[in-house]
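[1] no sequence on this one, just coordinates:
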């Protein structure tokens, strides 16, 4: 009896084990993030990991469809422009519940707006909205009207904020250190909480979300090599950003798929236009020609000259080439031209003494800083750029800048002791570069690294701000592209593809631009 | 007396020094958390965190709350979480790590005190002690990450981290060889004293005679070693990503999360105070019990 039934029992056991394994592995997806989220409160998002994590927990009023690029909303039933375009009346869908079980309504929408307008909410995100939103009024249960201070050509695109639950806060003054920052309550597909070593996101079914992955586990990425080995061993199922040098290891593995993540990020070398010889545009142009981008790309990212389907595409201005704002009339500078660079330096009055360039009879030493985490994506970029500068006749002092120092000193325009800063900007579909180039006055130019000032550029940026049609906005940014490529507050380097890696057991994993997890409802896990 | 006073002063002195350091940094403290250029105004945050009343106001408010068991919330490290909760989760791990690290040190100390060591033991632990804790910790961290993958913060992996951390603390940077060598040197020097030779001639043992005299110095050595482990724990916890107080201190410092830094540094100060008190108590006990004047009986004396 026992002998006869043994094969059946074994088959049953095997089947049961397979089923349990499938259920077990299907329930939880673990992935490596670039770092842990700083805050889960959308008002205090400051890094890409924050935006990605919050996308799981919250619904933004409007978002771009990952496939059609169409502007959509999961929580707005209908909308209409009112007050000649200076307001939007929004009807929210009914039946949506917050993660604490309470229903979402128009009061929550207006609470979110009021919180952003409250000057006691020290949120950089809210400050952006304060520039153009003037108020919000509840009309009825699910209906509210948001007012602007001017007419926009794209009012819905301006309303990409996440909704906050009114009842989770004591007042509209929202501080970053509330418990909400660690244990947020949203209406998104996942209920999230951040721990010491990671974040957990548990599926939360709602009328507008049906997540199929029961749990996502975010883990802080360590060494890239360890990440790669871990995903190959199925220790985790995904890596958000795989540095280019490690991509061949993963692309040759049948169990892991590399997926493109459209971050619209571009790399640059910002020049201190207020310091020494760099104040002269001819010196900046000379440097632009002294840098050999093709060699840099080959040495740091491993892209050979002329290689097709390169993950790294040169740019000539502050947009990626796929952007409608990119001005194709401005050519990229792929190779160095030392003769032209030398001529420009001499024209600017620099003296070549013993192979070193001198300014006002003193040798020029360039203090070059680079955002340290970029070294993972482009290993030794700082050294290679330093070497090229040395080769061009400049002494240099290379320094890596931690992410925290970058945030507190560089982004705030305080790092004026540097001559060059190597960094990267990332954008969503809505590419507003005004803060990068506008002179620092009032609320403008908040990300102007070296306090660059150019009245013509400011006028162009204001023209973009005033644009009420897509064409006018595009024309303004095309002009900006030409202006900054001429005046060179930045040396524009390249757009580097961001690639994620996911195990092939993860299916339907559409990756949205910038926010990544917008389509998480379609993700499935299991063979 | 000095030790008791130092033990009482440390938990106040440490937060005071940290507070002064905060104010010695360029810019107002709130702007370090959220620069005015990003937050618009830091006045709201300053008021919320008592940073608008100068170092004295801040320190007295923090100490007042701390005495009542309220350590505030994390500003940046784990934004929004109660520091009490963070410390409550972290402290047991640090204590376990220290306890585990003390096992090889205690065995080594006892073995060195009790007699000659096996041949070859000394060179082995000296070679082990040559490996820097940093290197050993990095290797251990990589092994745990690769072995456990996504579950590397699960129960089994967490214990593996603790055990690896304890071994690093207990062996690397000459910890074990120092403990063995220090204890042996102490006992050997004492054993060379004339009174020990006389005691041996009377048929008494070496340990029974030397121990009462070396005990205060031994207590000092043990306290020194525990303090060495405590400072090493910060590095080991940070590298091995052990959720301990040292890791909180490290993370808080990197992110200028002053609330977390103050609390975790004060915890270390409290542990140091406890050790000082223990040493003082040991010395008093030795003086009272072990080293009391011999009872010479009636009629003794001139």
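    Received it, and whenever you're ready, just let me know what you need. From a predicted model like this one, the values you see are computed outputs, not experimental measurements. Numbers count the residues shown, from 1 in each chain, chains lettered A, B, ... in the order given.
[2] Give me the residue at the spatial middle of the chain.
    Let's take chain A. Closest to where the C-alpha atoms of chain A average out (CA atoms, centre = their mean) is residue A:426, at 3.9 Å.
[3] Please refer instead to chain B.
    Centre-nearest of chain B using CA atoms, centre = their mean is residue B:230, 2.5 Å out.
[4] which ones are touching it?
    Residues near residue B:230 by CB atoms under 8 Å, 6 or more residues apart in numbering or on different chains: B:98, B:246, B:268, B:271, B:272. Placement of C-beta: from N, CA and C, glycine included.
[5] closest to residue A:212 among these?
    residue B:246 (40.6 Å; CB to CB).
[6] quick one, phi psi at the residue in chain A positioned nearest to chain B?
    Residue nearest to chain B within chain A: residue A:235 (1.6 Å; CB to the nearest CB). The phi/psi pair for residue A:235 (degrees, to the nearest 10) reads phi -70, psi -40.
[7] wait, is residue A:31 part of a helix?
    No. Residue A:31 sits outside any helix when classified using DSSP: H, G, I helix; E, B strand; the rest coil, being strand.
[8] mind checking how far the closest residue to it other than its chain neighbours is from residue A:515?
    Closest residue to residue A:31 apart from its sequence neighbours, by CB to CB, 6 or more residues apart in numbering or on different chains: residue A:238 at 3.5 Å. Look at residue A:238 and residue A:515: by CB to CB, to the nearest Å, they are 16 Å apart.
[9] quick one, which of these two is more surrounded?
    Ranked by neighbour count (other CB atoms under 10 Å in any protein chain shown), residue A:238 and residue A:515 place residue A:238 first, with 26 against 21.
[10] who's in contact with that one?
    Applying CB under 8 Å, 6+ apart, the residues contacting residue A:238 are A:29, A:30, A:31, A:32, A:231, A:500, A:501, A:502, A:503, A:506.
[11] Pull out the buried residues from these.
    Among the contacts of residue A:238, those classed as buried by 16 or more other CB atoms under 10 Å in any protein chain shown are A:29, A:30, A:31, A:32, A:231, A:500, A:501, A:502, A:503, A:506.
[12] Unless I'm misreading it, the first one sits right up against residue A:239, doesn't it?
    No. With the criterion set as CB atoms under 8 Å, residue A:29 and residue A:239 do not qualify as a contacting pair; they are 12.0 Å apart.
[13] what's the burial count for the closest residue in space to residue A:275 that isn't next to it in sequence?
    Closest residue in space to residue A:275, ignoring its immediate chain neighbours: residue A:419 at 5.9 Å, by CB to CB, 6+ apart. When neighbours are counted by other CB under 10 Å, residue A:419 registers 25.
[14] Pull the contacting residues for residue A:419.
    Counted by CB under 8 Å, 6+ apart, residue A:419 has contacts A:271, A:272, A:275, A:276, A:278, A:366, A:367, A:368.
[15] any low-confidence regions in the stretch 51-200 of chain A?
    Scanning the stretch 51-200 of chain A for pLDDT under 70 picks out nothing.
[16] Enumerate the residues of it near chain B.
    Proximity of the stretch 51-200 of chain A to chain B, by CB under 8 Å from any CB of the partner chain, involves residues A:119-124, A:127, A:173, A:175-183, A:194-198.
[17] can you tell me which of the residues you listed are in strands?
    The strands, defined by DSSP state E, take in A:194, A:198 from those.
[18] Buried among the residues of the stretch 51-200 of chain A next to chain B? Need that as a selection in ChimeraX.
    Applying 16+ other CB under 10 Å to these, the buried members can be selected in ChimeraX as follows:
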select /A:120,121,122,123,124,127,175,176,177,178,180,181,182,183,194,195,196,197,198
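[19] how far is whichever helix or strand the residue nearest to the centre of chain B is part of from where the chain is centred?
    Assigned by DSSP states H and E, residue B:230 belongs to helix B:206-240. On the basis of CA atoms, centre = their mean, to the nearest Å, helix B:206-240 sits 10 Å off its chain's mean C-alpha point.
[20] buried residues in it?
    For helix B:206-240, the neighbour count (16+ other CB under 10 Å) marks B:209-211, B:213-216, B:218-219, B:221-223, B:225-226, B:228-230, B:232-240 as buried.
[21] Kindly provide the distance from the residue of the stretch 201-302 of chain B found nearest chain A to residue B:162.
    Here the stretch 201-302 of chain B gets closest to chain A at one residue, residue B:243, 5.3 Å apart by CB to the nearest CB. Noted for residue B:243: a distance of 10 Å to residue B:162, by CB to CB.
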